[in-house]
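**Q** Here is a sequence together with a model predicted from it:
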Amino acid sequence: MNSVRVRFAPSPTGYLHVGGLRTALYNFLLAKHHGGSFIVRIEDTDQSRKVEGAIENLIESLRWAGVEFDEGPGKEGKYGPYIQSQRLKIYHDHVQRLLEKGEAYYCFCTSERLDQLRKKQAEAKEATIYDRHCRTIPFDEATKRAASGEQHTVRMKIPLDGELTFNDLIRGKVTIAYKILDDQVILKSDGFPTYHLAVVVDDHLMEISHVIRGEEWLPSTPKHVLLYKAFGWELPQFAHLPLLLNPDKSKLSKRQGDVAVEDYRTKGYLKEALINFVAFLGWNPGDEREIFPLADLIKEFSIEHINKSGSVFNIEKLNWLNQQHMKLKNENDLLALVKPLLDERGWTSFSDEYRKQVIALMKERVVVLSDFVTECAYFYEDPATYDEKAKAKNWTADSLNYLQKLKEKFEALNVFDAASIEAALRSAAEEFHVGAGKLIHPLRLAISGVGHGPSLFHMMEVLGKETSARRIRLALERLH
RNA sequence: GCUCCCAUCGUCUAGGGGUUAGGACACGAGCUUUUCAAGCUUGUAACACGGGUUCGAUUCCCGUUGGGAGUACCA
């Protein structure tokens, strides 16, 4: 395969959807696998849906995920501009060519007439399709009317009968009869092209080799093929990706959970995990490996291993993958990611060394980055409350005695590390003739305020002698 | 309604004319352990249905059912 050029072509309606991320990723992976180019093109031909800042947002989400493009907005190559609203003249010229070739025609129908037509067809249980009312207007007459300023659109001429077959890299041959195809509007009355025209013109001009996009485009691909033919252009390869689904199997949507890439970012998911997860929704390497950093995805990716059916976006698996990728990171990497979160929380007065010790203790038991804040509060401030359940379970009448004794033992310690803390505690347990658990659980509650967490002795070592002593004293005053 | 696409454990999937239908997540049990995780061992769980083709079909073909998408001067 020489010169792979692929593109991700989102419309700027707000944020990057995780489904969009997967589409972008597959395009990116194919390009990088073959040493080709990945292009981002903004499809903003619908003026009414424009959202301020959406382009920047999209690009930032891609950048965060590590899906870097070779050409696109802000990174102009020789095929730009990469924003469709800046390419209007190009579309107009191409529409003109179609008009002159007799492959398209002016349409003067009002949207009221169109609405009525559709309504009637629906009532008669017929396919709702344009009745080609304007297709027979002589070209000269239509040109004159359009030139005189009469409101109009331009539609493509679909052959009246016959059928069209095209090849899809994922689905094989797909055939559709012309008679169910609409004479699609390609130029709107506001002068903007519709998606169908713009996508074909741009993909050709930008020398796109593979059109990889969501399955929702499959039914309109014949129109695009027809347009390529009308222009006399060579077809790209098509690959229509299976959809990402809600748990109820409908197309993944906002109301059933988070769909924006930035949501997962702020929740504390690692980009490596999100990428890995989303890559495996519809693709797999063909063996049983599951943990794939981006570099490995690039190495192994192939269109042949993409499957046909939609996949449910299952957050449980994402959580697991996030843990796995978390473990792959060392304390320095994690510190860089967690530090801003700690600072934001106001825990600014701690050394990097200290924070790294906390991370080391906790990394095996957190799921997302934000857990380094929410699950680690007691490393940064004294507990204000004590978990009721843990207290009910492990705090007994004797606990105060035990803690008092432990306090004295710890004070006598010259070296306050996990081993000496443990030794001190075990000797105390012996003196009381009870199991170590009788001391450990209340002590954990006193130190951390909760009933679970990392090794108590290591936790106290990290906290230090002074803090540990203070917390025992505090607990002695507050627990009874 | 019409058109197109799809169909293996609850979920993500491997496989493919002859397999004890494999793995992962989740769930259950056990081990380990000061707790919680992690880890290890282990268990439950699937070829939608009906016809063909074939010595043999989960796999190939047709149909049914189910699901999804499209059906805009939205993308």
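**A** That came in fine, so what should we check first?

**Q** mind checking the backbone torsions on residue A:160?
**A** phi -70, psi -30 (degrees, to the nearest 10).

**Q** and it, what is it in contact with?
**A** A:178-179 (Cβ atoms under 8 Å, 6 or more residues apart in numbering). C-beta here means a position set from N, CA and C on the backbone, and glycine is covered the same way.

**Q** dump the residue contacts of residue A:176.
**A** Residues near residue A:176 by Cβ under 8 Å, 6+ apart: A:163-164, A:219, A:222.

**Q** for residue A:81, that is, sorry about that
**A** Residue A:81 neighbours (Cβ under 8 Å, 6+ apart): residue A:87.

**Q** residue boundaries of the helices in the stretch 151-300 of chain A?
**A** A:195-205, A:221-231, A:261-267, A:271-279, A:294-300 (DSSP state H, counting those that start in this stretch).

**Q** nearest to RNA strand B, of those?
**A** In terms of Cβ to the nearest atom of the strand, the element of the helices of the stretch 151-300 of chain A nearest to RNA strand B is helix A:195-205, at 3.6 Å.

**Q** ok, which residues in the stretch 151-300 of chain A are in contact with RNA strand B?
**A** A:151, A:153, A:171-172, A:174-177, A:180, A:182, A:185, A:188-190, A:192, A:194-195, A:215-220, A:242-243, A:245, A:248-251, A:280-282, A:284, A:286-288, A:290 (Cβ under 7 Å from any atom of the strand).

**Q** Taking the chain centroid, which residue in chain A is the extreme one?
**A** residue A:431 (57.4 Å; Cα atoms, centre = their mean).

**Q** Does residue A:285 touch residue A:305 like I think?
**A** Yes - in this structure, residue A:285 is within contact of residue A:305 by Cβ atoms under 8 Å, at 6.8 Å.

**Q** Counting neighbours, go ahead and name the busier of these two.
**A** Taking neighbours as other Cβ atoms under 10 Å, residue A:285 and residue A:305 compare with residue A:285 leading, 17 against 12.

**Q** the domain parsing of chain A - what is it?
**A** Domain assignment for chain A by automatic domain parsing gives A:1-69+A:242-328, A:87-241, A:329-374, A:388-478.

**Q** quick one: pLDDT of residue A:287?
**A** Listed pLDDT for residue A:287 reads 89.

**Q** neighbours of it, just the number please.
**A** 7.

**Q** do residue A:302 as well
**A** Neighbours of residue A:302 under the rule other Cβ under 10 Å: 13.

**Q** Which residue is the nearest non-sequential neighbour of it?
**A** Leaving aside its chain neighbours, residue A:302 sits nearest to residue A:33 (7.3 Å; criterion: Cβ to Cβ, 6 or more residues apart in numbering).

**Q** and that neighbour, how far is that from RNA strand B?
**A** Here the criterion is Cβ to the nearest atom of the strand, to the nearest Å. By it, residue A:33 lies 18 Å from RNA strand B.

**Q** ok, that residue to residue A:304 distance?
**A** Look at residue A:33 and residue A:304: by Cβ to Cβ, to the nearest Å, they are 12 Å apart.

**Q** more crowded one of these two?
**A** residue A:33 (17 against 9).

**Q** list the contacts for residue A:224?
**A** Residue A:224 touches A:196, A:199-200, counting by Cβ under 8 Å, 6+ apart.

**Q** sorry, back to before: in terms of contact, does the residue farthest from the centre of chain A touch residue A:405 like I think?
**A** Yes - applying Cβ under 8 Å, one finds residue A:431 in contact with residue A:405, separated by 7.4 Å.

**Q** for chain A, what helix or strand is lowest in average pLDDT?
**A** helix A:388-394 (a mean of 88; mean pLDDT, DSSP states H and E).

**Q** In strands only, show me the residues of the stretch 151-300 of chain A next to RNA strand B.
**A** A:153, A:172, A:174-177, A:185, A:245 (DSSP state E).

**Q** what's the neighbour count on residue A:222?
**A** 21.

**Q** wait, isn't it in contact with residue A:164?
**A** Yes - with contacts counted by Cβ under 8 Å, residue A:222 reaches residue A:164, the gap being 4.7 Å.

**Q** Tell me how far residue A:289 lies from residue A:318.
**A** From residue A:289 to residue A:318 the distance is 17 Å (Cβ to Cβ).

**Q** hmm, I was thinking of residue A:259
**A** Residue A:259 is 13 Å from residue A:318, where distance means Cβ to Cβ.

**Q** thinking again about what came up before, please, which helix or strand holds the residue farthest from the centre of chain A?
**A** Secondary structure from DSSP states H and E places residue A:431 in helix A:418-432.

**Q** Distance from that helix to the middle of the chain?
**A** How far helix A:418-432 lies from its chain's middle: 50 Å, per Cα atoms, centre = their mean, to the nearest Å.

**Q** Buried by neighbour count: which residues of that helix qualify?
**A** A:420-422, A:424-425, A:428-429 (16 or more other Cβ atoms under 10 Å).

**Q** show me where chain A has strands.
**A** A:5-8, A:37-40, A:104-107, A:153-156, A:163-168, A:172-177, A:185-187, A:210-214, A:237-241, A:244-245, A:311-312.

**Q** one step back: ok, the contacts of residue A:176 vs residue A:37, which is closest?
**A** Of all the contacts of residue A:176, residue A:222 has the smallest distance to residue A:37: 27.3 Å, by Cβ to Cβ.

**Q** Enumerate every residue touching the closest one.
**A** Applying Cβ under 8 Å, 6+ apart to residue A:222 gives the contacts A:164, A:166, A:176, A:181.
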